[in-house]
Every structure is written in C-alpha cells, then in structure tokens.
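Q: just a sequence and a predicted model for now, questions to come.
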Amino acid sequence: MSGALLASLGLATAVGTAAEFARRIRRVAVPARRIGFDLAFAIALALGVAAFVRGVGFAAGAAAAVACAIGAAMLGVRLQSAQSRNRPRVAVGEPILDFTAPDEHGRPFRLSSLAGRPILLKLFRGHW
C-alpha cells in the first residue's frame, strides 16, 4: 500500500471517529466502555506513522500528520481522564438529601416542605 493511501485512510479514520465521538458527547450518549473509540484512534495513529515510514509527499504528509495528531491527542486525553465509576449520590427516583436555599425572592426555601409530592428539581448554575 502506498504512503498516500495509508495517510488518507488514517486521516479518514481519525476525523470520522472524532466526529462520531463529538456527536455522541453532544447527545450525552457516550458508551461507558469506549474501547472501540480507543482502537479507532490507535489505528488512525498507526496508519499515519505507517504512511511516514512508506514515504509521502507534502499533501499526504500533511494528512498523515493530522491523523497522527488526532489519534495521539485523543488517546492521550483518554489516558489522562480516568473517571471514577462511583455510584452517583443522587439518582433518578431516589430520595434527595434535604437542603435549604434562597428562593427567587431571597427567602429561605426548604426542600422538605414539598415532602409527599412529586417534584422536578432543576438546579441552575448561573454564568455571570
């Protein structure tokens, strides 16, 4: 296989996998086991390196460099971002701990005042 073809395959794999990963992040649908994404990024990196070993021109070299950069960056980020698998403190349908917070008029509001009624609790983090 020529270096240009390897570079093109590496670039297509890296960009396609990154696009799918970003799409799943936006939908909050990233799987708990991401081994498929890790393998795809590793393949993109390997194809980019193989293209350089085979020898490439300027355009194919740029494609191979981008494939290597995306593959290595995503693998590096994944290795550095180990998230704990702890059970959330509050889960849907389970009781929440009582708290007191100011309401929209500044008066204290206690969550337990709504006991016995179904509620939707939405917490807003302001950006100002």
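A: On my side now, so go ahead. For clarity, every value in this text was computed on a predicted model and none was experimentally measured.
Q: now the helices: where do they sit in the chain?
A: 3-26, 35-54, 58-80 (DSSP state H).
Q: which outside residues touch the second one?
A: Taking contacts as Cβ atoms under 8 Å, 6 or more residues apart in numbering, the residues outside helix 35-54 that touch it are 1-4, 6-7, 9-11, 13-14, 17, 20-21, 60-61, 63-68, 70-72, 74-75, 78. Where C-beta positions appear, they are placed from N, C-alpha and C, glycine not excepted.
Q: the residue of the chain positioned farthest from its centre: what's it in contact with?
A: Using Cα atoms, centre = their mean, the residue of the chain lying farthest from its centre is Arg107. It sits 39.2 Å away. Residues counted as contacts of Arg107 (Cβ under 8 Å, 6+ apart): none.
Q: also Arg78?
A: For Arg78, the contact set (Cβ under 8 Å, 6+ apart) comprises Arg34, Phe37, Asp38, Phe41.
Q: distance of the residue lying closest to the first one once chain neighbours are set aside relative to Val30?
A: What it means is Arg34. Closest residue in space to Arg34, ignoring its immediate chain neighbours: Arg78 at 6.9 Å, by Cβ to Cβ, 6 or more residues apart in numbering. Here Arg78 is placed at a distance of 11 Å from Val30 (Cβ to Cβ, to the nearest Å).
Q: ditto for Asp103
A: Asp103 is 35 Å from Val30, by Cβ to Cβ.
Q: repeat for Cys68
A: From Cys68 over to Val30 the distance is 24 Å, taken as Cβ to Cβ.
Q: those two: which has the busier surroundings?
A: Using other Cβ atoms under 10 Å as the criterion, Cys68 and Val30 rank with Cys68 on top: 22 against 14.
Q: lowest-pLDDT helix or strand in this protein?
A: strand 100-102 (a mean of 89; mean pLDDT, DSSP states H and E).
Q: that older thread, buried subset of the contacts of helix 35-54?
A: Listed as buried from those are 3-4, 6-7, 9-11, 13-14, 17, 21, 60-61, 63-68, 70-72, 74-75; burial here means 16 or more other Cβ atoms under 10 Å.
Q: what about the contacts of Arg78, which one has the most neighbours?
A: Neighbour counts for the contacts of Arg78, by other Cβ under 10 Å, peak at Phe41, which reaches 26 neighbours.
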